[in-house]
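J.: quick one: sequence and predicted model below, then my questions.
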Amino acid sequence: MIHLHLEIAYDSAVSITVFNHEWKFLHDDAKADFLESRKDYEKKFKKILTDGKKNGKFSFENEDIAFNIIIKMLSWSYVAVKKYHKESLESELTKFIIKALSE
């Protein structure tokens with residue numbers, strides 16, 4: 001998920017901006033579709049977290065808090081694309097997130 005998020009940030013930073021901020025200004029039908037997609041994304045992401053916890057890979061108390069911390073870090077990526085190479089940013093974020101989830 002980190003890799004895919006960063007692919008979008010580097011290849012289409014506008015998409016991340018819409019995901020983070022501009023969705024509020026979409027017309028009702030487009031907004032409803034967007035919010036449904038975002039719910040689906042969140043559900044899949046939380047399933048990865050929950051599965052990792054069940055398998056002993058991750059250790060956290062609350063999946064919602066863990067998800068929101070991670071998503072906030074990833075939402076910063078559309079700014080970071082101007083400062084860092086994709087591979088370096090992906091490596092650092094992945095290490096940081098995995099370490100945080102594993103302790």
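T.: Received it, and whenever you're ready, just let me know what you need.
J.: need the next SSE after the one helix or strand in the chain whose mean pLDDT sits lowest, C-terminal direction.
T.: None of the helices or strands of the chain scores lower by mean pLDDT, DSSP states H and E than helix 13-20, at a mean of 62. Counting by DSSP states H and E, the next helix or strand C-terminal to helix 13-20 is helix 28-54.
J.: residues of that next one that come out buried?
T.: Phe34, Phe45, Leu49, Gly52, Lys53 (16 or more other Cβ atoms under 10 Å). Bear in mind the C-beta positions are built from the backbone N, C-alpha and C, glycine included.
J.: can you redo those residues as CSV with distance to Glu87 and pLDDT?
T.: Output for the buried residues of helix 28-54, formatted as CSV (distance: Cβ to Cβ, whole Å; pLDDT from 0 to 100):
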residue, distance to Glu87, pLDDT
Phe34, 30, 82
Phe45, 22, 92
Leu49, 24, 95
Gly52, 23, 95
Lys53, 28, 96
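J.: now the residues you listed as JSON lines including distance to Leu4?
T.: Formatted as JSON lines, the buried residues of helix 28-54 follow (distance: Cβ to Cβ, whole Å):
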{"residue": "Phe34", "distance to Leu4": "17"}
{"residue": "Phe45", "distance to Leu4": "10"}
{"residue": "Leu49", "distance to Leu4": "15"}
{"residue": "Gly52", "distance to Leu4": "17"}
{"residue": "Lys53", "distance to Leu4": "21"}
